[in-house]
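Enquirer: Just need the structure, nothing else, for what follows:
(4 chains)
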Number of protein chains: 2
Amino acid sequence: MLAKENHTQYAILGLLKTGFHTGYSIKQMIDGSLNHFWKISYGQIYPSLKRLEEEGYAAVKVTPQESKPDKKEYFITPKGEQILKKWLQQPIQELPIEKNELLLKLFFSRNQDINTSIQHLDTYQEKLITRYNTYEGIKEMINTQLMEEEDAPFWIITLDYGLCMTQAEIDWCKDTKKKLVKEE
Amino acid sequence: MLAKENHTQYAILGLLKTGFHTGYSIKQMIDGSLNHFWKISYGQIYPSLKRLEEEGYAAVKVTPQESKPDKKEYFITPKGEQILKKWLQQPIQELPIEKNELLLKLFFSRNQDINTSIQHLDTYQEKLITRYNTYEGIKEMINTQLMEEEDAPFWIITLDYGLCMTQAEIDWCKDTKKKLVKEE
DNA sequence: GTGTACATGTAACGGGTTACATGATTGC
DNA sequence: GCAATCATGTAACCCGTTACATGTACAC
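Expert: Below you'll find the predicted structure:
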């Protein structure tokens, strides 16, 4: 049985269904397109695929290759589809709590030089802008090249979430810097 | 030595400095006021305090009590202040990636009934509104009762972050629901 | 007398990262 | 020749949660 709380296995199952069949391509997909709300390492992917197969949620097609590790392609089984569907219908239990190093530092910044805080905000904001542009690029790419893909509307929804949240965060950075400068 | 990557110990050190001296009160504080960007369990707090003390970053004052566990009050040492300050000045390395169950589910929702997705969004939005109101309440409380507290301006900054992000998320929920209804 | 807040702590477990091992192919 | 990409996998480790253990004091 899959542990109810562990969403990572469902993410993998979902990607198998979407059409990614190897550990490597699953990693690529998550790094490239789910990276604003999910991440994963090989140390999780390969053991997970193995376990999914052992428990009948996925089937594996092994292609032996000389002087290379076997190529393994995994496919979701009906049993896997069933459990994935069930998970997709289960209501969201609780809001995520994101640990945020910047906020933690600001929280304790009373005795710090205000310029240090402003600098933290600056570098943070820069990273946010880069992130925003990346998301915009991906959205553009989906809208132009993947129009026919049936999953596309849902990918756009999650991207819009990223764009929207990142923009709000950028705005907050600007506001906060203004406030700090005024106090000085 | 404190591991550079582990911010939790610095959070505890920061709270010692702010004036919280027992494991219990640290837990209270984090649950009550840092909960939108940090969380912690007793299973981490007590061992951490012990380690901070062993390594000279904190000093402990033990008050023995009959038929109760000893009361232990921890205080940050000069060495602790030094390392805290150094950490506060270190630049933020990377943006947090928040794992989000709702987005993960939406990402894979192609074959799902659209009403399921809308319902997920509804319950999520409700939770967000509750969260927003909580933050507003805390902000109100700080503004009225803790005006003199020197840390207050920085607490407000992190609260504003929470309010700003939560509002953006609520707006996204509304937009997304509208879009989904239209597609139906 | 029951539940809640105060108060400290440990052990087992689970989830995830990192470092390592191995090797082919392709482009600069 | 060197770096990057393709490709699979394991072991050690770290961080954090949960469940458990223990007990007082106070309010309803």
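Enquirer: in chain A, which residue is closest to the centre?
Expert: residue A:38 (2.3 Å; CA atoms, centre = their mean).
Enquirer: Now that that one has come up, it's in contact with residue B:102, right?
Expert: No: using CB atoms under 8 Å, residue A:38 makes no contact with residue B:102, being 11.5 Å away. Quick note: C-beta positions are derived from backbone N, CA and C, even for glycine.
Enquirer: what about residue A:149, how many neighbours?
Expert: The number of residues packed near residue A:149 is 14, by other CB atoms under 10 Å in any protein chain shown.
Enquirer: That one belongs to a helix, doesn't it?
Expert: No: secondary structure assignment places residue A:149 outside any helix; it is coil (DSSP: H, G, I helix; E, B strand; the rest coil).
Enquirer: Point out the residues in chain A that sit beside DNA strand D.
Expert: Neighbours of DNA strand D within chain A, by CB under 7 Å from any atom of the strand: A:22-25, A:28, A:42-43, A:46-47, A:49-50, A:69-72, A:99.
Enquirer: Which ones among those residues also lie next to chain B?
Expert: residue A:99 (CB under 8 Å from any CB of the partner chain).
Enquirer: ok, back up a step: which pLDDT value goes with the residue nearest to the centre of chain A?
Expert: At residue A:38, the predicted lDDT confidence score is 96.
Enquirer: would you say it is within a strand?
Expert: No: Residue A:38 sits outside any strand when classified using three-state DSSP, being coil.
Enquirer: quick one: contacts for it?
Expert: Applying CB atoms under 8 Å, 6 or more residues apart in numbering or on different chains to residue A:38 gives the contacts A:11, A:30, B:97, B:99-100, B:103-104.
Enquirer: Would you mind reformatting those residues (as JSON lines) and adding columns for pLDDT and secondary structure while you're at it?
Expert: JSON lines is the format used below for the contacts of residue A:38 (pLDDT from 0 to 100; DSSP: H, G, I helix; E, B strand; the rest coil):
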{"residue": "A:11", "pLDDT": "98", "secondary structure": "helix"}
{"residue": "A:30", "pLDDT": "96", "secondary structure": "helix"}
{"residue": "B:97", "pLDDT": "89", "secondary structure": "coil"}
{"residue": "B:99", "pLDDT": "94", "secondary structure": "coil"}
{"residue": "B:100", "pLDDT": "96", "secondary structure": "coil"}
{"residue": "B:103", "pLDDT": "97", "secondary structure": "helix"}
{"residue": "B:104", "pLDDT": "97", "secondary structure": "helix"}
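Enquirer: Among those, which one sits closest to residue A:146?
Expert: residue A:30 (17.1 Å; CB to CB).
Enquirer: For burial, what's the neighbour tally of the closest residue to the closest one other than its chain neighbours?
Expert: Leaving aside its chain neighbours, residue A:30 sits nearest to residue A:40 (5.1 Å; criterion: CB to CB, 6 or more residues apart in numbering or on different chains). Residue A:40 has 20 neighbouring residues, counting by other CB under 10 Å.
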